[in-house]
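>>> any chance you can model this:
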Amino acid sequence: MNPRDDDVVVTGAGVVMPGSNDRATFWRRLAGQSSQITVESFENGRRYPLGRCRPNGLTGSLNAGVQDRFERLPRDIQLYAESLAGALEDAGLARQDVIGERAGIYSGSSRGPFLYWDGSYRDRLRREDDLTFGVPGQASAFGALLTGVTGPVHTFSNSCCSGAVAMDFASSDLLRDRVDIALVSGHEATLCARFFSGFREAGILAVPTPEPARLYRVYHQPSGVVFAEAAITLVCERRSTAVARGARILGTFGGYAYGNHALHPTNVDPSTDRPYELVQQLFRQLGIGPSDVGFVIGHGNGVPASDLAELTWMRRVFGDGVADVPLFSVKPVVGHSIGASSTASFLASLQIAAAGHVPRLTNLDPGADDEFNFGGMDIPRANWKVGLSVSYGIGGHHAMMAVLRPDGELEHD
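This next block holds a predicted model:
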């Protein structure tokens, strides 16, 4: 697929994830099967496996004049702001480069200020902070304040597909010349006893073990889900804009398909008809077929019904060639960050495409590859054209994003 001037490309990534505060470290964690899952005790006395970030704070040109305010922010906004600053720095941009209406902010978050209303921060804030920090969408609003962006400032809440939906709207605005730079994020911070309790009652949480780094398993003997906090921001531009300013290109967004199965508020579609239809829709959009797919980054969350549904649509789409398409998930390494998870998966797809290598799925037992290919190899198909990243979400959401095969001008580290 030949490069075009109006391709949407990614030129920077800001990463705040468990064990990773930049994209290079994130890649090393994935490639080294280095799980960052730990176990913590909460105020109700229960212990939960989870993925917790270790943020560094604001850096670069966004830091001036806001550090005192930054210290008072709820954790979800702190993580988001740090990823935003990191993305601009990684893209070689400063605040003055995005001030004004030709830049936009596209934020995806499933639960917004969950920790704030849980009480984790309100005891140390003023009453008027209920208005400032307790309203959904305030992370993107604070992002506008930090950056000076006066173009579109959006928040999308589509459960685990939130970041993917943000990417679609951002690419649409870029292609319609509404903006020149799009700051696309997925972020979430929900690690508290109240959040875990509902999922524990549903019986889908992973159980703590003496070796936390080994406990999160997906697809093969799934363990149950391990939740995490995270924030990832991607700087997106039209290829012509990126090339004109001499930007390093990390990868190319190929396309997107989204739909709802409209069957049940929490259950996945056991027939897999909807995800199958969406993959076919994306194939038609790109003019490709199953044999053009080099790899798939799945939702892979460790919930047996969800993982089984993914394996089923993989069989339906790829048939006898399913073993030629490595299937990977980032979650055994960094946990399931809900609204940030689709952005994390898309970043991983960019990195896999650039490296030409699919890491081995973390925490697999011997013999797991009887039918499916769980990576640990260079992309098998010599003439592959796209990689896919897939997200499911509570509420019937399904999202598919494609990354194009590199065209020779990419850098990877």
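>>> next, the contact list for the residue lying closest to residue 192 once chain neighbours are set aside, please.
If the residues on either side of it in the chain are set aside, residue 192 comes closest to residue 118, at 5.2 Å by Cβ to Cβ, 6 or more residues apart in numbering. Any C-beta I mention is one placed from the backbone N, CA and C, and that applies to glycine too. Contact analysis of residue 118 by Cβ atoms under 8 Å, 6 or more residues apart in numbering lists 192, 194-195.
>>> among those residues, which lie within helices?
If you go by DSSP state H, the contacts of residue 118 have 194-195 in helices.
>>> mind putting the contacts of residue 118 into CSV with neighbour count?
Converted to CSV, the contacts of residue 118 look like this (neighbours: other Cβ atoms under 10 Å):
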residue, neighbour count
192, 18
194, 16
195, 19
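>>> wait, is residue 104 part of a strand?
Yes. Residue 104 forms part of a strand when assessed by DSSP: H, G, I helix; E, B strand; the rest coil.
>>> count the residues that sit near it.
26 (other Cβ atoms under 10 Å).
>>> that one pairs with what?
The partner list for residue 104 in beta bridges (DSSP bridges) reads residue 182.
>>> for the helix or strand harbouring residue 25, packing partners?
Element membership for residue 25 (DSSP states H and E) is helix 23-31. Packed against helix 23-31 by the contact rule (3 or more Cβ pairs under 8 Å, 6 or more residues apart in numbering; DSSP states H and E) you find strand 8-16, helix 331-334, helix 341-355.
>>> mind putting these into CSV with mean pLDDT and mean neighbour count?
Shown next, in CSV, are those (pLDDT from 0 to 100; neighbours: other Cβ atoms under 10 Å):
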stretch, mean pLDDT, mean neighbour count
strand 8-16, 98, 26
helix 331-334, 98, 30
helix 341-355, 98, 28
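>>> nearest to residue 316, of these?
With distances scored as Cβ to Cβ, the stretch of the helices and strands packed on helix 23-31 nearest to residue 316 is helix 341-355 (20.6 Å).
>>> for the closest one, list the C-alpha coordinates in CSV.
Provided in CSV are the C-alpha atoms of helix 341-355 (Å, rounded to 0.1, in the frame of the first residue of the first chain):
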residue,chain,number,x,y,z
SER,A,341,-6.5,-0.3,26.5
SER,A,342,-7.3,0.2,22.8
THR,A,343,-4.7,3.0,22.6
ALA,A,344,-2.1,0.8,24.2
SER,A,345,-2.9,-2.0,21.7
PHE,A,346,-2.7,0.4,18.8
LEU,A,347,0.7,1.7,19.9
ALA,A,348,1.9,-1.9,20.2
SER,A,349,0.7,-2.6,16.7
LEU,A,350,2.7,0.4,15.4
GLN,A,351,5.8,-1.0,17.2
ILE,A,352,5.3,-4.6,15.9
ALA,A,353,4.8,-3.3,12.4
ALA,A,354,8.0,-1.2,12.6
ALA,A,355,10.1,-4.0,14.1
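>>> if we can go back for a sec, CA atoms of the helix holding residue 25 as PDB?
The C-alpha trace of helix 23-31 is given here as PDB (Å, rounded to 0.1, in the frame of the first residue of the first chain):
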ATOM      1  CA  ARG A  23       7.400   4.000  24.200                       C
ATOM      2  CA  ALA A  24      10.900   2.400  24.100                       C
ATOM      3  CA  THR A  25      10.500   0.900  27.500                       C
ATOM      4  CA  PHE A  26       7.000  -0.300  26.700                       C
ATOM      5  CA  TRP A  27       8.400  -2.100  23.700                       C
ATOM      6  CA  ARG A  28      11.100  -3.700  25.800                       C
ATOM      7  CA  ARG A  29       8.600  -4.900  28.300                       C
ATOM      8  CA  LEU A  30       6.500  -6.500  25.500                       C
ATOM      9  CA  ALA A  31       9.400  -8.000  23.700                       C
END
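>>> pull out the buried positions in it.
Using 16 or more other Cβ atoms under 10 Å as the test for burial, helix 23-31 gives 23, 26-27, 29-31.
>>> following that helix, which helix or strand shows up next?
strand 38-41.
>>> residues in contact with that following strand?
47-52, 191, 208, 212.
>>> any weak-confidence spans in the stretch 51-200 of the chain?
59-61, 63-68, 117, 119-132 (pLDDT under 70).
>>> which other helices and strands contact the host helix or strand of residue 318?
Applying DSSP H and E as the criterion places residue 318 in helix 304-318. Using 3+ Cβ pairs under 8 Å, 6+ apart, the elements in contact with helix 304-318 are helix 273-286, strand 386-393.
>>> in CSV: the contacts of residue 118, plus distance to residue 402.
Below are the contacts of residue 118 laid out as CSV (distance: Cβ to Cβ, whole Å):
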residue, distance to residue 402
192, 35
194, 37
195, 32
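>>> between the contacts of residue 118, which is nearest residue 360?
For the contacts of residue 118, the closest approach to residue 360 (Cβ to Cβ) belongs to residue 195, at 30.6 Å.
>>> now the closest residue to that closest one other than its chain neighbours. Its backbone dihedrals?
The shortest distance from residue 195 to any non-neighbouring residue, by Cβ to Cβ, 6+ apart, is to residue 114 (6.4 Å). The phi/psi pair for residue 114 (degrees, to the nearest 10) reads phi -60, psi -50.
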